[in-house]
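> I would like to see how this sequence folds:
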Amino acid sequence: DETIELHRAALELRPSGHRDRSSSLHSLSLCLSSRYDKQGEVGDLGEAVALGRAALALRPPGHPDRSVSLYNLADNLRKRFHKQAATRDLDEAIELHRATLELRPSGHPLRSLSLHHLARCLSLRYDNQG
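The predicted structure is shown next:
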């Protein structure tokens, strides 16, 4: 909880246009997602998704941290699908994992992780939609 409050305070110090705002958005999103994992508060997950979207918007194609933002937003959307069963969340997670995979070509140290999570989401969609 204290870490989340500190990240909120840091975000306040990085207003729109600040070069490190995407990092603050991303970090706060990760902490909220982690708290959701521990406590199950759906509001935390919803906020994590919103912050992840905002961070991704500040990390356009070519940004060195774009793949990380894509990956984490996709993971939070998958979690939200598990909780709320909104097909659009799972479909978006799959799209984001595919986009992440494009930024992690053969030989990239995180490619296998991206492949694994894309496969999990595709399997989940199959299980739910056939």
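> residue nearest the centroid of this structure?
In the chain, the C-alpha nearest the mean C-alpha coordinate belongs to Leu73, at 1.7 Å (Cα atoms, centre = their mean).
> what about that residue, distance to Leu122?
17 Å (Cβ to Cβ, to the nearest Å). All C-beta spots, glycine's among them, are computed from the backbone N, C-alpha and C.
> where along this protein do the strands fall?
With DSSP state E as the definition, the chain shows no strands.
> where does pLDDT dip in it?
Low-confidence regions of the chain, defined by pLDDT under 70, are absent; no residue qualifies.
> one step back: what's near enough to touch the residue nearest to the centre of the chain?
Remark: with contacts taken as Cβ atoms under 8 Å, 6 or more residues apart in numbering, Leu73 is in contact with 29, 49, 52-53, 55-56, 96.
> out of those residues, who's nearest His7?
Ser29 (9.0 Å; Cβ to Cβ).
> wait, doesn't that closest one sit right on Leu51?
Yes - contact criterion Cβ atoms under 8 Å: Ser29 and Leu51 qualify, at 3.9 Å.
> any residues touching stretch 45-58, and which ones?
Among residues not part of stretch 45-58, those counted as contacts by Cβ under 8 Å, 6+ apart are 21-23, 25-26, 28-30, 32-33, 36, 66, 69-70, 72-73, 76-77, 79-80, 83.
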